[in-house]
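*Asks:* following is a predicted model, sequence given first.
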Amino acid sequence: MAFTGNYMTTSFKLDLLNGKQAFGTTVVRASTTADSYKMALYTSSATLNASTTVYTSSDETTNSAGTAYVAGGLLLTGATSTSSGTTAFCDFADAAWPSATFTARGALIYNQTQANSSVVVLDFGSDKSAVANTFTVLFPTNDASNAIIRIA
């Protein structure tokens with residue numbers, strides 16, 4: 001097993017400090033538009049962890065049948081950033097690949113706008129498969145205790 005847990009990548013933390021990430025439309029930098037974030041799915045052969053810096057197609061999931069999965073993954077929508085108390089957090093709409101036939105062990109959320117820089121590594125805990133069905137990644141509740149991206 002190459003996946004060893006869920007991580008907010010170190011390079012993402014550095015990007016935040018350097019103002020290179022934009023989840024919402026209120027952005028303090030040259031661009032006033034939000035960045036494009038994607039989710040790529042990976043097999044159990046992938047080695048993704050906190051030191052992952054960019055999206056790579058190495059060991060990425062491929063279709064067993066059909067065309068549901070495309071290299072590079074799926075564009076994430078619905079980015080919502082907010083805060084509660086001393087915690088800031090961000091969420092996306094659930095990601096779904098309809099009519100899928102493939103297996104994935106985990107995922108990488110990355111910023112396509114910023115040279116495919118890594119954001120979060122997700123470990124599904126075991127191989128997850130879909131056979132001619134919708135493969136869905138459900139994001140947790142968007143709050144200070146559960147959101148997919150939290151900074152406390």
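*Replies:* Nice, thanks for sending it over. Numbering: from 1, shown residues only.
*Asks:* distance of the residue nearest to the spatial centre of the chain from residue 133?
*Replies:* Nearest residue to the geometric centre of the chain (CA atoms, centre = their mean): residue 109, 1.9 Å. Per CB to CB, to the nearest Å, residue 109 is found 23 Å from residue 133. In short, each C-beta sits where N, CA and C put it, glycine included.
*Asks:* can you give me the helices in the protein?
*Replies:* Counting by DSSP state H, the chain has helices at residues 10-17.
*Asks:* would you mind checking the average pLDDT for stretch 12-28?
*Replies:* Stretch 12-28 carries an average pLDDT of 73.
*Asks:* and it, how far out from the chain middle?
*Replies:* The chain centre lies 15 Å from the centre of stretch 12-28; the measure is CA atoms, centre = their mean, to the nearest Å.
*Asks:* same check on stretch 110-130?
*Replies:* Remark: stretch 110-130 is offset 4 Å from the chain centroid, using CA atoms, centre = their mean.
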